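Participant: sequence and computational prediction follow.
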Amino acid sequence: MIMHRETIRPVSLTVSTDNFVCHCEGTGWILIKGRGVKECSCRILAKTIRKFKRIPPEYEHLRIESVAPDLKRHPRQSFVWQAVKKHPDQCYLICGQSGAGKSAVMWALYARAAEQNRPAVAMSLPELIEDFKRAETASYGDEYWPELHPSKLQTRSDRWFVGIDDFHIGRPTRFAGEMIYRLLDAAYSYRHQLVVTAQLDRRKLEHNSSRRNAAS
Ligand SMILES: [Zn+2]
């Protein structure tokens, strides 16, 4: 399932500034009498732009609403996009061969979460492992807080988007493996949106997990 440029209507990367009003005088926060503070639209806009900048160029214009998969050439791709368009809030495990367009689906869902002003992080499994390794090897006093620290996900006030690309690649250390387990567990327990892509055969995966279940 390969994306075709012609089938994708480009969407402007610039975030809409139509109803953008700044009242914070540069602090980023607006004081509400007796009710604390809320984020100013300028701060929200800056955050959204930062999230958009992390999308790889080949996917930056992808939006779920505007993707029109080529039915004749890629019948299975269209099935995935139809499911995602219909249920964009679901969690997904997207399996398929390389070049099948799995990452495109993940980044389109990431962009949607960013537009909704939700906390959104997407990276490949090797990048995630590197980030955890960096935290593992950081010395005291120079502590490093991984971008996807499992405890960040222990919240119900925001629904996070967590995208993990290429879940079949990477050799985690024991520490990183433990962190990945805790991350997935927190994402599941707190009902965040988890989107994982892997170059795996779904039937093999089901076979393996049913074998594991039978053994336990
Ligand atoms: Zn402002």
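Facilitator: Structure's in. What do you need?
Participant: please, which helix or strand holds the residue most central in space within the chain?
Facilitator: Taking Cα atoms, centre = their mean, the centroid of the chain lies closest to G163, which sits 3.0 Å from it. Assessed by DSSP states H and E, G163 sits inside strand 161-165.
Participant: pairing partners for that strand, with directions?
Facilitator: strand 120-124 (parallel), strand 193-198 (parallel) (DSSP bridges).
Participant: partners of the residue nearest to L109 when sequence neighbours are not counted in the sheet?
Facilitator: Distance criterion Cβ to Cβ, 6 or more residues apart in numbering; nearest residue to L109, sequence neighbours excluded, is V195 at 5.4 Å. In short, each C-beta sits where N, CA and C put it, glycine included. With DSSP bridges as the criterion, V195 is bridged to Y92, G163.
Participant: for V195, which residues are in contact?
Facilitator: V195 is in contact with C91, Y92, I94, V105, M106, L109, Y110, A122, F161, V162, G163, I164, counting by Cβ atoms under 8 Å, 6 or more residues apart in numbering.
Participant: so for L128, what's the pLDDT?
Facilitator: pLDDT for L128: 95.
Participant: how much space between V37 and G28?
Facilitator: From V37 across to G28, the span is 9 Å (Cβ to Cβ, to the nearest Å).
Participant: more crowded one of these two?
Facilitator: G28 (16 against 12; other Cβ atoms under 10 Å).
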